[in-house]
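Student: Sequence and predicted structure, then a few things I'm wondering about:
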Amino acid sequence: LSDPDSVRACADRLRSDGVRPDVLVNNAGVMAPPRTLTARGHEVQFAANHLGHFALTGLLLDLMADGDDPRVVTVTSANHRQARIFFQDLAGERRYSPMGYYNQSKLANAVFGRELHRRLSAAGSPVRSLLAHPGYSSTNLQTSAPVGMVRLLFGRLLLPLAQPSHQGALPQLYAATAPDVQGGELFGPDGMGELRGAPKRVELAPRATDPETAGRLWQLSEELTGVRFGLPAPA
């Protein structure tokens, strides 16, 4: 997903095969690596976690419009609540923090999912945009990319607090399948601190619902990916 050519190839293959998806779950991700740039000069977490999902969604959206109760589920993190988007330093050239830029990408997921809901609603589209986060789940996310203290902390010391990966998948599965969900909602675990538990509706951070931030991120994402949704900005 960090490679725009790969994203387009995937979308083109689905289109040529006649696939019309009912559900798209934007769940791929990388967490807290050393500063790494893609071939196009984008910070890899922002590229893989946000830009790739933005592009893939835009390229498939028209195929989904004829689906059966079509939904886009974008997976964010509870960490989006402590994040901000570094619009003046997206690639971390001035000051890079592995977790800070992971959190940035997760806030971008939340902003995108919410803004997609607003634009789909304004256009009268049958596609619904929802959000989910897995709490703290035991996967290789905490060990495949992080180094140093981040890997030690999340991949070992705090691991007893984590829930199994199949439990962490439940919020996104609920968002993708439950009949009672509404576009723009976020689902996460119902336990203490939203770390673990059964799916429930939880709150987005105010930054994730800020129209100015959403408009700025949307325009920037279209410019960086070359993908335009053709959806009007809500009034």
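Tutor: Thanks, I have it. Numbers count the residues shown, from 1 in each chain.

Student: Going by C-alpha atoms from here, please, whenever you check contacts or count neighbours.
Tutor: Noted.

Student: Okay, strands next: where are they in the chain?
Tutor: In the chain, the strands defined using DSSP state E lie at 23-26, 71-75, 128-132, 137-138, 163-164, 186-189, 199-202.

Student: out of the ones you listed, which comes closest to residue 56?
Tutor: strand 23-26 (8.8 Å; CA to CA).

Student: Parallel or antiparallel, which strands does that closest one pair with?
Tutor: strand 71-75 (parallel) (DSSP bridges).

Student: From what I see, residue 168 and residue 162 are in contact.
Tutor: No - using CA atoms under 8 Å, residue 168 is not in contact with residue 162; the gap is 9.1 Å.

Student: So which of these two has more stuff around it?
Tutor: Higher neighbour count among residue 168 and residue 162: residue 168, with 26 against 18, using other CA atoms under 10 Å.

Student: Centre-most residue in the protein?
Tutor: The centroid of the chain falls nearest to residue 109 when counting by CA atoms, centre = their mean (3.4 Å).

Student: Check what pLDDT that one gets.
Tutor: Residue 109 is assigned 98 on the pLDDT scale.

Student: got a list of what it touches?
Tutor: By CA atoms under 8 Å, 6 or more residues apart in numbering, the residues touching residue 109 are 49-50, 74-76.

Student: re earlier: can you say which of the strands of the chain is nearest to residue 231?
Tutor: That would be strand 128-132 among the strands of the chain, by CA to CA, at 13.3 Å.

Student: The closest one packs against which elements?
Tutor: strand 71-75, helix 98-123, helix 170-177, strand 186-189 (3 or more CA pairs under 8 Å, 6 or more residues apart in numbering; DSSP states H and E).

Student: Relative to residue 227, how far out is residue 7?
Tutor: 11 Å (CA to CA, to the nearest Å).
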